[in-house]
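Visitor: test case, fold it:
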Amino acid sequence: MAKINGNELKPGTIIDHDGGLWAAVKVTHVKPGKGGAFAQAELKNLRDGRKLNERFRSEDKVDQVDLEMKDQQFLYETDGKLVFMDTETYEQIELDAELLGDRRPFLQDGMTVAVQYYGEEPLNVRLPVKVTCKVVESEPVQNGQTASKSYKPAVLDNGVRIMVPPFIDIDEDVIVNTDTMEYSERA
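Guide: Numbering: from 1, shown residues only. Purely as a prediction, here's the structure:
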């Protein structure tokens with residue numbers, strides 16, 4: 001297991017913490033006015049589903065678990081479970097849909113993802129870093145807005161709300177970073 005600093009934690013990272021395997025579902029980096037910066041992490045136990053909120057300072061060391069990655073294709077969702085198929089052996093597995101947290105809407109039918117295994121046990125899913133989505137709702141451009149600093153709200157075809165530059169219109173494809181859930185570029 002590799003040791004990483006507490007501030008290097010990001011969504012999808014698997015750590016060995018308090019005697020169990022935990023996935024970071026949501027991570028917020030906080031820089032308070034007084035004191036040192038820290039990462040506020042929402043962790044989910046990969047075996048029993050318990051949730052835990054934990055603070056990690058930059059000087060804290062956490063054990064990142066090295067997992068084997070296998071490319072698998074997403075097939076469908078049923079009863080809160082995501083069904084994936086190994087593209088080589090055609091074997092199917094089920095994983096809890098809550099594992100992806102806020103990033104769940106970015107999982108698209110037929111998408112190839114990296115499923116992380118701990119031995120023979122499938123534990124986690126890593127989405128591609130960039131996913132193409134269509135803008136279905138957005139405000140019209142206002143006169144005087146420049147593309148340099150201003151952003152406007154938009155709703156994507158998967159229901160996620162993000163901020164996009166003013167030149168992006170309805171029915172345009174945009175590329176979204178699934179780690180930060182922010183607009184990346186025009187498709």
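
Visitor: flag every buried residue along stretch 80-96.
Guide: Across stretch 80-96, burial judged by 16 or more other CB atoms under 10 Å covers L82, F84, I93, L95. All C-beta atoms are positioned from the backbone trio N, CA, C, and that covers glycine.

Visitor: and the helix or strand bottoming out on mean pLDDT in the chain, which residues are buried?
Guide: Scoring the helices and strands of the chain by mean pLDDT, DSSP states H and E places strand 121-126 at the bottom, with a mean of 84. For strand 121-126, the neighbour count (16+ other CB under 10 Å) marks P122, L123, N124, V125, R126 as buried.

Visitor: go on, stretch 20-38?
Guide: By 16+ other CB under 10 Å, the buried positions in stretch 20-38 come out as L21, W22, A23, A24, V25, V27, F38.

Visitor: of the residues you listed, closest to I15?
Guide: I15 lies nearest to W22 out of those, by CB to CB, at 5.4 Å.

Visitor: how is the protein carved up into domains?
Guide: 2-64, 68-126, 130-186 (automatic domain parsing).

Visitor: hang on, D102 in a helix?
Guide: Yes: membership of D102 in a helix is supported by DSSP: H, G, I helix; E, B strand; the rest coil.

Visitor: farthest pair within the buried residues of stretch 80-96?
Guide: The span of the buried residues of stretch 80-96, defined through CB to CB, is set by L82 and I93 at 9.0 Å.

Visitor: before we move on, the earlier item: restricted to helices, list the buried residues of stretch 80-96.
Guide: The members of the buried residues of stretch 80-96 all map outside helices under DSSP state H.

Visitor: mind putting the residues you listed in CSV, distance to K34 and pLDDT included?
Guide: Output for those, formatted as CSV (distance: CB to CB, whole Å; pLDDT from 0 to 100):
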residue, distance to K34, pLDDT
L82, 42, 92
F84, 46, 95
I93, 47, 93
L95, 41, 89
